[in-house]
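*Asks:* The following comprises the amino acid sequence and a computationally predicted model.
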Amino acid sequence: MEPTPAVPAPRLFDLAGQSVLITGATRGIGAACAHALADAGASICLVLRTPAPGSNPDLDTVLALRRAGAKAEYVLCDLHDLEAVKGVFPRALDAMGGSIDILVNCAGIQRRSPAVDFSEGDWDDVLAVNLKSVWLLSQAAARHMLPRRRGKIINFGSLLTFQGGLTVPAYAAAKGALGQLTKALANEWSQHNVQVNAICPGYIATDMNERLLADPVRLRQISERIPAGRWGQPNDFAGPVVFLASSASQYVCGELLVVDGGWMGR
């Protein structure tokens, strides 16, 4: 692995000339990460969900990035369609001029049901999007990055990378496995100057947690345990994602960076 560059500390976070492929960036945490990476100088390629026939893709983040002066492209793919996922990285390479330096796997879906009633279809969907698509994109990225001896892969875990949760068996299984996948890939690829790490959000006020936010009992129970005194916001991930995407984290490998307002330390 190459050493951390001997430059003034602020320059370690400079992503000028870098290209990012990111999933799950149409809203919430992913959108905040896309904007933060662009603010640090990177060009961005978003993986957007294929629209229903007769409708248009959700280009809000792409257009906002362009208005802010960033280079922003996109490819279309439903991440539960694993055959289609296999074609994402080559198409993204074409869109970005043949080079991708950073992969951010931020997409995720949730299904809630008591374990005894949890359907096989929901299990398969959650594992496909939250785990297997991450594996396929990471493998494709590594085949591009390892020969070039540089690259960053950032996965998004969860508190359920460490805990079991309630009525979310597939999500817990996927996020637990993603933590181990992150470490396994780091073990192999760090020597090739490709750093693989994960960010594990706590309770964040996003669409995925609408049901919890609307349940006054669960909202109170969760909020009382968070030492920071508030739920997280998407912009709380701007700094962590730029850190892991940049030379500032050159010697950080296989790390599960928890961003949770202190929940795991409680």
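*Replies:* Yep, that arrived.
*Asks:* Looking at this structure, which strand is longest?
*Replies:* strand 194-201 (DSSP state E).
*Asks:* now the strands for the stretch 101-250 of the chain?
*Replies:* Ranges of strands within the stretch 101-250 of the chain are 102-105, 151-156, 194-201, based on DSSP state E, counting those that start in this stretch.
*Asks:* who's in contact with the shortest one?
*Replies:* What that stands for is strand 102-105. Residues outside strand 102-105 that contact it (CB atoms under 8 Å, 6 or more residues apart in numbering): 15, 18-25, 30, 33, 37, 42, 133-134, 137-138, 141, 151-156, 241, 245. (C-beta placed from N, C-alpha, C; glycine too.)
*Asks:* Can you give the strand pairings for it, parallel or anti for each?
*Replies:* Strand pairing for strand 102-105, determined by DSSP bridges: strand 19-23 (parallel), strand 151-156 (parallel).
*Asks:* With mean pLDDT as extra columns, can I get those in JSON lines?
*Replies:* Formatted as JSON lines, those follow (pLDDT from 0 to 100):
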{"stretch": "strand 19-23", "mean pLDDT": "98"}
{"stretch": "strand 151-156", "mean pLDDT": "98"}
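*Asks:* Kindly reformat those as CSV containing distance to residue 53.
*Replies:* Converted to CSV, these look like this (distance: least, CB to CB, whole Å):
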stretch, distance to residue 53
strand 19-23, 22
strand 151-156, 30
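*Asks:* now the ones you listed as CSV including mean neighbour count and distance to residue 166?
*Replies:* Converted to CSV, these look like this (neighbours: other CB atoms under 10 Å; distance: least, CB to CB, whole Å):
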stretch, mean neighbour count, distance to residue 166
strand 19-23, 26, 26
strand 151-156, 25, 21
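*Asks:* tell me which element residue 74 is part of?
*Replies:* Following DSSP states H and E, one finds residue 74 within strand 72-76.
*Asks:* Give me the mean pLDDT for the longest strand of the chain.
*Replies:* Regarding strand 194-201, the rounded mean pLDDT is 98.
*Asks:* Over to stretch 107-127?
*Replies:* On average, stretch 107-127 scores 97.
*Asks:* just use 26 as the starting number from now, easier for me
*Replies:* Got it, the first residue is 26 from now on, which makes the last one we talked about stretch 132-152.
*Asks:* Could you pull out the buried residues of that stretch?
*Replies:* For stretch 132-152, a neighbour-count test (16 or more other CB atoms under 10 Å) marks 132-136, 143, 147-148, 150-152 as buried.
*Asks:* End to end on it, go ahead and measure it.
*Replies:* Taking CA to CA, to the nearest Å as the measure, stretch 132-152 stretches 12 Å from start to finish.
*Asks:* Equivalent analysis for stretch 240-256, please.
*Replies:* 14 Å.
*Asks:* If you count neighbours, what's buried in it?
*Replies:* Of the residues in stretch 240-256, those scored as buried under the neighbour-count criterion (16+ other CB under 10 Å) are 247, 251, 256.
*Asks:* Can you report phi and psi for residue 50?
*Replies:* Backbone torsions of residue 50, given as degrees, to the nearest 10, read phi -110, psi 20.
*Asks:* pretty sure it is touching residue 71, no?
*Replies:* Yes - judged on CB atoms under 8 Å, residue 50 makes contact with residue 71 at a distance of 4.9 Å.
*Asks:* Would you mark the buried spots in the helix or strand of the chain with the lowest mean pLDDT?
*Replies:* Sorting the helices and strands of the chain by mean pLDDT, DSSP states H and E puts helix 235-238 at the bottom, at a mean of 84. Neighbour counts over helix 235-238 (16+ other CB under 10 Å) mark residue 238 as buried.
*Asks:* Spatially, what comes nearest to residue 184 if we skip its sequence neighbours?
*Replies:* For residue 184, the nearest residue in space outside its immediate sequence neighbours is residue 227; the separation is 5.6 Å by CB to CB, 6 or more residues apart in numbering.
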